[in-house]
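**Q** Whatever this is, show me its structure:
(one chain, ligands or ions: 1)
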Amino acid sequence: MTVTTTRPEPAVADRGTDPEGPAGRRVLTGDRPTGPLHLGHYFGTLRNRVRLQRQGAELFVVVADYQVITDRDIADRLAEHSENLVIDYLATGLDPESATIFAHSAVPALNQLLLPFLSLVSVAELGRNPTVKDEIAHSRQSAVSGLMFTYPVHQAADILFSKADLVPVGQDQLPHLEVARTVARRFNERYGAGIFPCPRALLSEAPLLPGTDGGKMSKSRGNAIALAADEDETARLVRGARTDAERRISYDPAGRPGVAGLLQLAALCQDRTPGQLAEEIGDGGAAALKRTVTEAVNEHLRPIRARRAELAADRGHIRQVLRTGAERANAVADATLAEVRAAMGAVGSA
Ligand code: TRP
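**A** Okay, the predicted model is just below:
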């Protein structure tokens, strides 16, 4: 007797065992344009994107401007933040010739996918999303908007319009990726059309980067070092970092989170281990540790910041990158929407 078992495609791609690797894969990822990207973004995701691009993946990067208004009433300085995001992308090495960098609000067909996609998920499912629940708990709004519950389905449209295979994200985005996978599967089942491949997450390899207070680096906690910060500002942020009274520097993440965070930061910048650095600083104490960190960060970011300054001086070029990206994304989204409408039997479709 033969027993056939169907193994479901895993939701998270395994870097080590993925036989095909990123070459030839379509990769989609993105960010909300809410403010400057910081070292947490850089070591957590930006570097991985550039690596994927160098390995031959085709990148789509979405500036998720409509997603800014999920947890606040107004998208403050949206154009400026969107352009600065693109500047951060290009300064850290994304190549706009091969990567498609676009704002999702500039791609009407992507947004139109939201309608049929919303019909494929239940209200109960939307309410169970743990990332949405967490965002509601931390929201600065007095009332929770409908978009807060539905934006993960819009994010599914971000991902599925491009038929991306891989989505590099942090842990908090896994529930959203699950929504995209559910929508893809249900659409294919309901309309008998294999239009959408089931995307997989590519989890960031870097450990969560602690901020200057030992907690997770995050703009809202005021503990983040922005890529765009200058060297003096970096020195000031590091000087204000929380350490402890013990003179001798040692690497002890559980017992000494502040010191450990700083050691980790310098180690990432210098491609060494935090333990090695701790040894070296030894009895130099917090002052020597902070000098080391400041120098390591500033040195590592110097070429990126120089490139950033050049890019920032030519806003016309940045806007052109977004226009070209939108054109390419629109062509792909129009084709996907045409397939969707045809599968649904929509009147007027080809
Ligand atoms: N929700 C993501 C964040 O807050 C941003 C995002 C929007 C995204 N659309 C996406 C990420 C599509 C990956 C794929 O960071």
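**Q** ok, the helix ranked longest in the chain near the ligand or not?
**A** Secondary structure of the chain read by DSSP state H shows that its longest helix is helix 315-344. No - Helix 315-344 is not in contact with the ligand by CB under 6 Å from any ligand atom; minimum separation 12.3 Å. C-beta: built from backbone N, CA, C; applies to glycine.
**Q** Show the residue spans covered by the strands in the stretch 51-200 of the chain.
**A** With strands called from DSSP state E, counting those that start in this stretch, the stretch 51-200 of the chain shows them at 58-63, 100-103, 166-169, 200-203.
**Q** about what we covered before: report the distance from the longest helix of the chain to the chain centre.
**A** 20 Å (CA atoms, centre = their mean, to the nearest Å).
**Q** just for the protein, where's the confidence low?
**A** Where the chain drops to pLDDT under 70, the residues are 1-10, 14-20, 205-208, 349-350.
**Q** Spell out which residues of it are next to the ligand.
**A** Residues of the chain lying close to the ligand by CB under 6 Å from any ligand atom are 28-32, 62, 64, 67, 155, 158-159, 167, 169, 173.
**Q** hmm, back to that, and of the strands of the stretch 51-200 of the chain, who's closest to Asp232?
**A** Shortest distance between Asp232 and the strands of the stretch 51-200 of the chain, using CB to CB, is found for strand 58-63: 29.3 Å.
**Q** What strands line up against the closest one, and which way round?
**A** Neighbouring strands of strand 58-63 in its sheet, by DSSP bridges, are strand 26-31 (parallel), strand 100-103 (parallel).
**Q** got the contact list for it?
**A** Residues outside strand 58-63 that contact it (CB atoms under 8 Å, 6 or more residues apart in numbering): 24-31, 33, 49, 52-53, 82, 85-86, 89, 94, 98-104, 158, 162, 164, 322, 325, 329.
**Q** Repeat that for stretch 343-350.
**A** 116, 187, 191-193, 195, 338, 341-342.
**Q** And it, how far out from the chain middle?
**A** With CA atoms, centre = their mean, you get 35 Å for stretch 343-350.
**Q** If you count neighbours, what's buried in it?
**A** Buried residues in stretch 343-350, counted by 16 or more other CB atoms under 10 Å: Ala343.
**Q** How many neighbouring residues does the residue of the stretch 1-150 of the chain found nearest the ligand have?
**A** Relative to the ligand, the nearest point of the stretch 1-150 of the chain is Ala64 (3.5 Å; CB to the nearest ligand atom). Using other CB atoms under 10 Å, Ala64 is surrounded by 22 other residues.
**Q** Please report how far it lies from Leu337.
**A** 19 Å (CB to CB, to the nearest Å).
**Q** Please enumerate the helices of the stretch 201-350 of the chain.
**A** Along the stretch 201-350 of the chain, counting by DSSP state H, counting those that start in this stretch, helices occupy 231-239, 257-270, 274-281, 285-312, 315-344.
**Q** and the angle for the last one with strand 26-31?
**A** It stands for helix 315-344. 120 degrees (axes from the mean of the first three to the mean of the last three CA atoms, to 10 degrees).
**Q** Kindly report the same for the fourth one.
**A** Our comparison of helix 285-312 with strand 26-31, counting by the same axes, to 10 degrees, yields an angle of 110 degrees.
**Q** Report the buried residues of helix 285-312.
**A** Neighbour-count burial for helix 285-312, with 16+ other CB under 10 Å as criterion, is recorded at 286, 289-290, 292-298, 300-301, 304-305, 308, 311.
**Q** how close does Ala241 get to the ligand?
**A** 25 Å (CB to the nearest ligand atom, to the nearest Å).
**Q** Now Trp22: phi and psi?
**A** Small correction: residue 22 is Pro, not Trp. In terms of degrees, to the nearest 10, the main-chain angles of Pro22 are phi -80, psi -20.
**Q** Surely it and Val50 touch.
**A** No - counting by CB atoms under 8 Å, Pro22 sits too far from Val50 to count as a contact (11.7 Å).
**Q** Neighbour count for these two, which is higher?
**A** Pro22 (24 against 17).
**Q** check contacts around the residue nearest to that one when sequence neighbours are not counted.
**A** Leaving aside its chain neighbours, Pro22 sits nearest to Ala57 (4.0 Å; criterion: CB to CB, 6 or more residues apart in numbering). Residues counted as contacts of Ala57 (CB under 8 Å, 6+ apart) are 22-27, 166.
**Q** I appreciate the help and will end here.
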